[in-house]
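A.B. asks: Would you be able to build a 3D model of this:
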Amino acid sequence: MRAMQDETGAPLTAAHEPASHDEEAVQGRRPRGRLFAILAGAALAAYAADQLTKLWALHALRPEDPVDVVGSAIRLELIRNPGAAFSIGTGATWVLTLIACAVLVFILMTARRLGSRGWAWALGFLLGGSLGNLTDRVFREPGPGRGHVVDFIDYFGWFIGNVADVAIVGAAVLIAVLAFVGIGVDGQRAHTGRHEAGSDA
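C.D. replies: Residues are numbered from 1 along each chain as shown. Just a heads-up that it's a prediction; the model follows:
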């Protein structure tokens, strides 16, 4: 039998050889490519929703004329916020702009280890929301880096936010859940090393 294989040039173990390193690399890139697509899609959706609703608010709302949505609990009230949530840091807009840039760098660096669908959604919403508010700080009045963020959703009279804030808070909640169940950015569960990329996480 060996003589016949030698004559034909057929290898003895060709049918049972493991996949090459190149094939394994390609298989590893495919799911990660899908995760990057989820991240990009979530970021684009959050950013577009934020910018479009801000454009609508600027044209449809007047600062002195709030509109009740759910009684007086949820209202639409247009303001221009130079600070962060709860109007914190109103005199430090430049600092908030630099912090937002640092957050973006952190997100992009973290995404390099992406191996979980849950983290892809979370980082995508965080990226889109951060970009939404950073766009205001860079391009809106009174000037680049000092721009005031457009806020228009009043929650119970406690604070006024926007869709970017909703995306950021949603991302934070999802990240907290993923951390609680022990799923890391790379898709592995803490203490087990078991990969979760194929699961809902």
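
A.B. asks: Give me the buried positions along stretch 174-189.
C.D. replies: Neighbour-count burial for stretch 174-189, counted by 16 or more other C-beta atoms under 10 Å, picks out 174, 175, 178, 183, 184, 185, 187, 188, 189. C-beta here means a position set from N, CA and C on the backbone, and glycine is covered the same way.

A.B. asks: so what's the first one up against?
C.D. replies: The neighbours of residue 174, taking C-beta atoms under 8 Å, 6 or more residues apart in numbering as the test, are 118, 121, 122, 125.

A.B. asks: Kindly tell me how buried the first one is, as a neighbour count.
C.D. replies: Looking back up the chat, that one is residue 118. For residue 118, the neighbour count with other C-beta atoms under 10 Å is 20.

A.B. asks: host element of it?
C.D. replies: helix 117-139 (DSSP states H and E).

A.B. asks: top of the contacts of residue 174 by neighbour count?
C.D. replies: residue 125 (27 neighbours).

A.B. asks: Contacts only, for the most centrally placed residue in the chain.
C.D. replies: By C-alpha atoms, centre = their mean, the chain has its centre lying nearest to residue 124, at 2.1 Å. By C-beta under 8 Å, 6+ apart, the residues touching residue 124 are 38, 39, 40, 41, 42, 43, 45, 46, 171.

A.B. asks: just checking, which of those residues belong to helices?
C.D. replies: Judged by DSSP state H, helices contain the following of the contacts of residue 124: 38, 39, 40, 41, 42, 43, 45, 46, 171.

A.B. asks: I'd like to know which of these are buried.
C.D. replies: For the ones in helices among the contacts of residue 124, a burial check counting by 16+ other C-beta under 10 Å picks out 38, 39, 42, 43, 46, 171.

A.B. asks: Go through these and say which is closest to residue 95.
C.D. replies: residue 171 (21.8 Å; C-beta to C-beta).

A.B. asks: does the closest one really touch residue 122, like I thought?
C.D. replies: Yes. At 4.7 Å, residue 171 and residue 122 qualify as touching, with contact defined as C-beta atoms under 8 Å.

A.B. asks: Return every residue with contacts to both of those two.
C.D. replies: By C-beta under 8 Å, 6+ apart, no residue touches both residue 171 and residue 122.

A.B. asks: hmm, back to that, list just the nearest of the buried ones among the ones in helices among the contacts of residue 124 to residue 112.
C.D. replies: residue 39 (11.3 Å).

A.B. asks: quick one: the closest one and residue 114 touch, right?
C.D. replies: Yes. Proximity of residue 39 to residue 114 meets the contact threshold set by C-beta under 8 Å, at 6.8 Å.

A.B. asks: And the helices in this protein?
C.D. replies: Along the chain, the stretches classed as helices by DSSP H are 2-8, 21-60, 93-111, 117-139, 163-181.

A.B. asks: Need the winner for burial among the ones you listed.
C.D. replies: Neighbour counts (mean count of other C-beta atoms under 10 Å) averaged over each of these peak at helix 117-139, with a mean of 24.

A.B. asks: Tell me which helix or strand in this protein has the weakest average pLDDT.
C.D. replies: helix 2-8 (a mean of 51; mean pLDDT, DSSP states H and E).
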